[in-house]
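> how would this look folded up:
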Amino acid sequence: MLFCLAAFSTMARSQDHARLGNAAFEEGDFQKAVDHYTQALRAKPNFALYVNLGHCYTRLERWSDAAEAYQAAIDLDRAAATDQIWRFLGQVHYNDGQFQQAIKSFFEAASLKPDAQDNMWIARCMIELEQWIQAQSVLLRHLQRNPGDTNALELLAYVISQQGNWPGVIGVYRQLLTVVPDRTQYRISLANALAADGQNKQAIDTLEFAWRVDKNLGEQVNRLLADLYLAEEMPQEAAACYARLIAMVDAPSVDDYYRLGVTYFQTGELTSAESALLQMKKAAPTNSKPDLYLGHIAAQRGDFDKARLHYNISIEKNPTLVEAFMALANLQMKNQQYNDAAVHFAKAIQLGDNSPMLYYNQILALMLQADMEQAKAALKTALAEHPSDRNLIRLLDQYVVEIALKQTGK
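Numbers count the residues shown, from 1 in each chain. Prediction:
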């Protein structure tokens, strides 16, 4: 009789905690619900209570605890585990980064009652595991049954892009646009894929259409368009895009001003280029790039003193800027300052530019100032780097002739 009373008392306590846990859950006090469900389960294991405990841990984002609770329910009564419980287990495994376990749970759910979302979750797990081919296969099977599922198509585009299959990505985004023709973001993604596949002109056409259809995405579209126009060596069109961009944003970036200045410079619109670069210099006074191009502008106008000043300022701001040393050296060559030019060409080489033309210019500057010993040493270094370069070989021949003439006194 005492045994029966003890058993009844334990069951009653379990039921009380279960009711209190349910009430706390309804009130949104999930930690309190956890405490009550845990007390109830200590008194007597119960399938439904383990499931409820899993729900509480899920709300608290305690993923591993939630997985443990759902798994305990399944272990207690596997026959009672519905597809939805396996799905809950898969989702908390996914959130906990346990992707292999999540896949197994979603397969179990699908075996009991197939659901379209199971394939999506399985594909997401495979993406996290970088199993691109397997994820692609799952998504393609899903799309055979659900051809208009935009979420699946978006995932498929991403998976195919990770395999470097840009024609495949292009095909998926074109399919997306047949499903949702007014989704501008899909056109932008299509343009990016076309550009990645080297189809810049088609990408430009796609973005121009997007720009005409949806002005709200003007900033993003214009920036991409400008980059594509630059890649296609169409600086006038690129400049127009950057000018529109700067006009439409509240706070243009330093890079926006720089790109606008460079594209104006490439079109020969020097005044507009100068204005944009001065704006950049004002916004980023320590940046060396605006002075570099301001030097180019001054050189184009024939103002060599001003050009030299800008190049030197650029070098002061960034002593490792190869382009500034090269620009200064080229300017000095024009002004027959061969000694200074040779020094600056050498500095550019020292900073990492070992192109044949740079060596050629350095050696030519040394020969023009008649420093044949240094020219000889530079030639030796250059030919060791580029033994087959025709310009360097011709310069070597010229050097030999000049040495021979000097020795004969002619």
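> Could you list the low-confidence segments of the protein?
Flagging of the chain using pLDDT under 70 yields the residue ranges 1-14, 215-218, 409-410.
> so what are the domain limits for it?
Residue ranges for each domain of the chain read 15-114, 346-410, as given by automatic domain parsing.
> Turn these into a markdown table, including mean neighbour count and distance to Val213.
C-beta: built from backbone N, CA, C; applies to glycine. Below are the domains of the chain laid out as a markdown table (neighbours: other Cβ atoms under 10 Å; distance: least, Cβ to Cβ, whole Å):
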| stretch | mean neighbour count | distance to Val213 |
| --- | --- | --- |
| domain 15-114 | 19 | 37 |
| domain 346-410 | 16 | 44 |
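> Reformat these as CSV; add distance to Ala276.
Compiled in CSV, the domains of the chain are given as follows (distance: least, Cβ to Cβ, whole Å):
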stretch, distance to Ala276
domain 15-114, 47
domain 346-410, 26
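> Contact partners for Ala298?
Shown in contact with Ala298 (Cβ atoms under 8 Å, 6 or more residues apart in numbering): Phe304, Lys306, Ala307, Leu309, His310.
> Name the SS class of it, please.
Following DSSP: H, G, I helix; E, B strand; the rest coil, the label given to Ala298 is helix.
> Repeat that for Glu233.
coil.
> Tell me the spacing between it and Arg394.
As judged by Cβ to Cβ, to the nearest Å, Glu233 and Arg394 stand 30 Å apart.
> Val343 too?
24 Å.
> again with Gln31
Relative to Arg394, Gln31 is positioned 82 Å away (criterion: Cβ to Cβ).
> likewise Asp291?
In terms of Cβ to Cβ, Asp291 sits 35 Å off from Arg394.
> go on, Gln39?
Gln39 is 92 Å from Arg394, by Cβ to Cβ.
> One more: Pro290?
In terms of Cβ to Cβ, Pro290 sits 38 Å off from Arg394.
> Thought Gln337 was touching Gln369, still the case?
No - between Gln369 and Gln337 there is no contact under Cβ atoms under 8 Å: 9.1 Å.
> Ramachandran coordinates for Asn335?
phi -90, psi 10 (degrees, to the nearest 10).
> Gly302 is in contact with that one, correct?
No - here Asn335 does not reach Gly302: they are 11.5 Å apart, not a contact under Cβ under 8 Å.
> Mind checking which of these two has more residues around it?
Under the neighbour definition other Cβ atoms under 10 Å, Asn335 and Gly302 were set side by side, and Asn335 has more, 13 against 8.
> Give me the most central residue, this structure.
Centroid-nearest residue in the chain: Asn192, 11.9 Å away (criterion: Cα atoms, centre = their mean).
> so what's that one up against?
Ala203, Leu224.
> quick one: which helix or strand includes it?
Element membership of Asn192, judged by DSSP states H and E, is helix 184-196.
> Going by neighbour count, list what's buried in that helix.
Of all the residues in helix 184-196, those buried under the rule 16 or more other Cβ atoms under 10 Å are Thr184, Tyr186, Arg187, Ile188, Ser189, Leu190, Ala191, Asn192, Ala193, Leu194, Ala195.
> Looking at those residues, which is nearest Gln101?
Among those, Ser189 lies closest to Gln101 (Cβ to Cβ), at 32.3 Å.
> got the contact list for the closest one?
So Ser189 contacts Ala157, Tyr173 (Cβ under 8 Å, 6+ apart).
> same thing with the one 5 residues further on?
The neighbourhood of Leu194, defined by Cβ under 8 Å, 6+ apart, consists of Trp166, Ile170, Asn200, Gln202, Ala203, Thr206.
> So which residues make contact with the helix or strand harbouring the fifth one?
Same thing as Ala203. If you go by DSSP H and E, Ala203 is part of helix 200-213. If you take Cβ under 8 Å, 6+ apart as the criterion, helix 200-213 is touched by 182, 184, 187-188, 190-192, 194-195, 217-218, 221-222, 224-225, 228-229, 231-232.
> Now for Gln362: which residues touch it?
Applying Cβ under 8 Å, 6+ apart, one finds that Gln362 lies in contact with Ala342, Phe345, Ala346, Ile349, Ala378, Ala382.
> which secondary structure element contains the nearest residue to the second one once chain neighbours are set aside?
Meaning Phe345. With Cβ to Cβ, 6 or more residues apart in numbering as the criterion, Phe345 has its nearest non-adjacent residue at 3.7 Å, and that residue is Gln362. For Gln362, the host element (DSSP H and E) is helix 356-368.
> Can you dump the C-alpha atoms of that helix in CSV for me?
C-alpha atoms of helix 356-368 as CSV (Å, rounded to 0.1, in the frame of the first residue of the first chain):
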residue,chain,number,x,y,z
PRO,A,356,60.7,44.4,-69.4
MET,A,357,59.6,47.9,-70.4
LEU,A,358,60.5,49.4,-67.0
TYR,A,359,64.0,47.8,-67.3
TYR,A,360,64.3,49.2,-70.8
ASN,A,361,63.5,52.7,-69.7
GLN,A,362,65.9,52.5,-66.8
ILE,A,363,68.7,51.3,-69.0
LEU,A,364,67.9,53.9,-71.7
ALA,A,365,68.1,56.6,-69.1
LEU,A,366,71.5,55.4,-67.9
MET,A,367,72.8,55.2,-71.4
LEU,A,368,71.5,58.7,-72.2
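> got the contact list for His344?
His344 sits next to Phe325, Met326, Leu328, Ala329, Gln332 when contact means Cβ under 8 Å, 6+ apart.
> 6 Å - rerun?
Counting by Cβ atoms under 6 Å, 6 or more residues apart in numbering, His344 touches Phe325, Leu328, Ala329.
> What of Ile103?
Contacts of Ile103 by Cβ under 6 Å, 6+ apart are Ile122, Cys125.
> tell me which element it falls in.
In this assignment (DSSP H and E), Ile103 forms part of helix 99-112.
> just checking, next helix/strand downstream of that helix?
Next in sequence after helix 99-112, counting helices and strands by DSSP H and E, comes helix 116-128.
> which other helices and strands contact that following helix?
Contacts defined by 3 or more Cβ pairs under 6 Å, 6 or more residues apart in numbering; DSSP states H and E place helix 116-128 against helix 99-112, helix 132-145.
> could you check the angle helix 99-112 makes with it?
160 degrees (axes from the mean of the first three to the mean of the last three Cα atoms, to 10 degrees).
> I am finished for the moment; much appreciated.
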